[in-house]
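Engineer: what's the 3D shape of this:
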Amino acid sequence: MQNHLFTTMRSLKLIEGCKGTQVYALNTSAPPPPPPPPASGGGAGGGGGVGEKLLQHLQDHLRVNSIRSKTSRTYPPSNQTNAVVSPDSLLPYGLPVADLLEPQIDPSLKFVDLIEKLAEIYRRIENCSEFEKSEAYLEQCAIFRGLSDPKLFRRSLRSARQHAVNVHTKVVLASWLRYERREDELIGTTAMDCCGRNLECPKATLVPGYDPESVYDHCVCSGAAASRSEINDDDVAPECSTSEEDYDMSFCIGDDEVRCVRYKIASLSRPFKAMLYGGFREMKRSTINFTQNGISVQGMRAAEVFSRIKKVDVFPPNVVLELLSLANRFCCDELKSACDSHLARLVTDLDDAVLLIEYGLEEAAYLLVAACLQVFLRELPSSMHNPNVVKIFCSGEGRERLACVGHASFTLYLFLSQIAMEDDMKSNTTVMVLECLVESAVENWQKQLAYHQLGAVMLERKEYKDAQRWFDSAVEAGHVYSLVGVARSKYKRGHRYSAYKIMNSLISDCSATGWMHQERSLYCSGKEKLLDIDIATDLDPTLTFPYKFRAVSLVEESQFVAAVAELNKVMGFKVSPDCLEMRAWISIAMEDYEGALKDIRALLTLEPNFLMFNKKIHGDHMVELLRPLVQQWNQADCWMQLYDRWSSVDDIGSLAVVHHMLANDPGKSLLRFRQSLLLLRLNCQKAAMRSLRLARNHSKSEHERLVYEGWILYDTGHREEALAKAEESISIQRSFEAYFLKAYALADSTLDPESSKYVIQLLEEALRCPSDGLRKGQALNNLGSVYVDCDKLDLAADCYTNALNIKHTRAHQGLARVYHLKNQRKAAYDEMTKLIEKAQNNASAFEKRSEYCDREMAQRDLSMATQLDPLRTYPYRYRAAVLMDDHKETEAIEELSRAIAFKPDLQLLHLRAAFFDSMREPADAIRDCEAALSLDPSHTDTIELYHKAREPHS
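Structural biologist: Modelled structure (predicted):
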């Protein structure tokens, strides 16, 4: 801040504790089951006697370092080269016990009939007034938070910000959008940096008024400072515009006299006008004693200047604060507004904000408080470790003071609750934030969410009575899923049968869902438990708990290979840290140390601070214990391994190799970028964005940094800004990645012939620049795709062939497409067969091959695709279309509904709506159209179908 006179204050930074995402119940009394003989191809360093030294090292670690801070950890390299250990020494606490496993309760809103809820929120958005749209979009955000696609949440959040009516809402939502990109983790950036658009601009958010059309315009941050300095230079002149003859009165403050123009002072407010012209004794006096009114001589002179020039920019901040107090005392609205706006512009860092918010709250300065809040929110999550900030947000007095100036809203505390729960779900700060969220809740959906989240936190804190009370409140507000929390709380308090009855009644009363049967399985045993577990998977194959339960049950029967195969089923389409951890444990029991090390390295890529063994030992330490037991690789070996795994579409194996390479060279931005690409393939977007941020932070040059910043912007929906970053990078230095980013961003739209020609030029430029085969294979594959779209099949075939020559296995799919377009169907089928044989993750290959064979063979391939990855929607749509062709309407609807139940997909909903429309069931068609448009409001085909379905049938 320029020329500020504020006292700085250092914020207290509390040490953050380690977090893990899964807690397993371990069998602490019984030893682990005896391992079977190692399978062929298992890890190196097979079992022998117990390694006493290694076991003692592990136990010492568990005793001394059970809680570790979230800092980077380094361990001395092991001197053992031919260590001989048994699984007992690596699994001192044994393996999880099946009957003690529990799924986590989702703290988000969850619905028995999600499609109806999506349709309902679409109708609300469409039918509400312009000034109510922001709140409606916020509700949609809360619904989308419980879905797997973060892009839906971010899109609704942008819409909520676009339609924000007041400054407070603009500040909160703009800060939330920035947090979603986690720019606080980017080295060299500050909280008040602007992305270039009004949508998130910290200055634009402080401008009052409703203007949804301008939020995507470029902001004027760069010009604002210059224009302000020009104004400041001009502002001094008007002080001399009043001659001595014009002064007709004075205010005495102590021994000093401030000469004023009576009518100008009177113009400041009605109280001043009444005092100077309203018949009071001051009216007849030329000198008025103002000593007892709490304003200094300097402050009164500033008030006199303001009465003439109507600006406060020329005064230092301490004087403006005095003027703000004077304005409040004498109801000078214009003066207060000027002081409020000026002080708001001065808030640039956390220390200033902590100090100035006290003045803002005391003087009810709306914009000043908004500016301070903006700094707090843009500094999240670190600012929540400042006790002064926590006091303002969470204490009863602080919330009441914020409410008095219009800055305590449900939107604010919903944002803060997300931050607090991500940081530490069990902390007292999280509880306080959620209690404020409850107090701020007005609408029914707000109460449902606030009560349910507080119940989930209390359950994590093992305060089961309070958890049950909050879950009960959520149920009373209409949130049926909170019955799961009620049942779990009762179960934890020893009322197992009562919990069973709750879930049994819910299943009887509602259309059964996977999560209902999953929860009921906790409260029964034997065949009934297994039946519920299997039904849960049939209804919702994306639930990971049933796979883990079956895997641990198989381990208890010493069926280790079958247990790994069970986990592989879900990890083929949904990779999660808890499943990787469990498979690693089982691999250790099998003495497959290479497999265990691979999974732990992949796990640490997803969750760098993951704690294993019931949160007793850090994953990094397990890596150090396992490393001596496997074949050692140098960096050249790692590159060869990465090529092999990349070409075989082994994404988890590739992640493990990259993690190994980064252990030797943690500052390698190129590897971080490769890591982010693999994580995006696995649909781990949060971890992918973290890797991109690390790539950007470790960049050695400006042009490289700009590319990674461009990818961060592109992946968070800022396409034009990403293109600008690519162009800026190219202007500094031509590089493969800059050209590739520009081509990729431009191709992300319907390309006309001219645009396609330009994208081809960009990709050709990229291929002329130095890069490794992994990325050049991707560029050749993309270039082939553009050539196909331009009907240049021979050129496309050359690109795909060249990509295959450098082991880009996915190019088989593009080459098959070329053969198909040339009416060489058999060659296309054979090409996809090659991909199926090479790729470890080959569900998409089975799906694509189905296009190049007859109906019966296609059905087999699509059944295999669904078995490998039930989240792929094309097989359901194909089977449903076949059933409709056979006039089996009911079966076709059931086929689509089966997938929609666990994956509310735009294409599935559109097709089902079309089927309902053809069956003359307009109500169902309209509902599905509305749900689909909630997912994508601009989907042209669905919009047309929606209008058609709403027309009265003859």
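Engineer: what's the nearest residue to the residue nearest to the spatial centre of the chain if we skip its chain neighbours?
Structural biologist: Within the chain, the residue whose C-alpha comes closest to the C-alpha centroid is Glu180; the distance, by CA atoms, centre = their mean, is 5.3 Å. In this structure, Glu180 finds its nearest non-sequential neighbour in Arg154, 5.7 Å apart by CB to CB, 6 or more residues apart in numbering. Heads up, the C-betas are built off the backbone N, CA and C, glycines and all.
Engineer: same check on Ala420?
Structural biologist: Per CB to CB, 6+ apart, closest to Ala420 is Thr430, 4.1 Å.
Engineer: looking at it, Glu895 is touching Ala880, isn't it?
Structural biologist: Yes: Glu895 lies in contact with Ala880 (CB atoms under 8 Å); the separation is 4.4 Å.
Engineer: re earlier: and the residue nearest to Glu180, what does it touch?
Structural biologist: When contacts are counted by CB atoms under 8 Å, 6 or more residues apart in numbering, Arg154 touches 177, 180, 716-717.
Engineer: how far off centre is stretch 539-548?
Structural biologist: Put simply, stretch 539-548 sits 23 Å off its chain's centre (CA atoms, centre = their mean, to the nearest Å).
Engineer: and for stretch 290-303?
Structural biologist: For stretch 290-303, the distance to the chain centre is 51 Å (CA atoms, centre = their mean).
Engineer: what's in contact with it?
Structural biologist: So stretch 290-303 is in contact with 251-254, 256, 258, 265, 268, 312, 315, 319-320, 322-323, 325-326, 329, 335, going by CB under 8 Å, 6+ apart.
Engineer: out of these, which are buried?
Structural biologist: 251, 253, 258, 265, 268, 312, 315, 319-320, 322-323, 325-326, 335 (16 or more other CB atoms under 10 Å).
Engineer: start to end distance for stretch 376-386?
Structural biologist: With CA to CA, to the nearest Å as the measure, stretch 376-386 spans 10 Å from end to end.
Engineer: tell me the mean pLDDT for it?
Structural biologist: In this model, stretch 376-386 has a mean pLDDT of 94.
Engineer: contacts for it, please.
Structural biologist: 11-14, 16, 171-172, 175-176, 178-179, 184, 191-192, 202, 350, 353-354, 375, 389-390, 392-393, 415-416, 419-420, 422-423, 429.
Engineer: now the contacts of Arg154 in JSON lines, with distance to Val759 and pLDDT?
Structural biologist: Below are these laid out as JSON lines (distance: CB to CB, whole Å; pLDDT from 0 to 100):
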{"residue": "Leu177", "distance to Val759": "29", "pLDDT": "94"}
{"residue": "Glu180", "distance to Val759": "28", "pLDDT": "90"}
{"residue": "Thr716", "distance to Val759": "22", "pLDDT": "87"}
{"residue": "Gly717", "distance to Val759": "20", "pLDDT": "85"}
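Engineer: can you pick the most crowded of these?
Structural biologist: Ranked by the number of neighbours (other CB atoms under 10 Å), those place Thr716 first, at 24 neighbours.
Engineer: please report how far that residue lies from Ile187.
Structural biologist: Using CB to CB, to the nearest Å, we find Thr716 at a distance of 18 Å from Ile187.
Engineer: quick one, helices of the stretch 501-650 of the chain?
Structural biologist: Counting by DSSP state H, counting those that start in this stretch, the stretch 501-650 of the chain has helices at residues 514-521, 526-539, 545-556, 560-571, 577-589, 593-606, 619-626, 635-647.
Engineer: so which elements touch the fourth one?
Structural biologist: Using 3 or more CB pairs under 8 Å, 6 or more residues apart in numbering; DSSP states H and E as the contact definition, the elements that helix 560-571 packs against are helix 545-556, helix 577-589.
Engineer: buried ones in that helix, by neighbour count?
Structural biologist: Of the residues in helix 560-571, 560, 563-564, 566-567, 569-571 count as buried by neighbour count, 16+ other CB under 10 Å.
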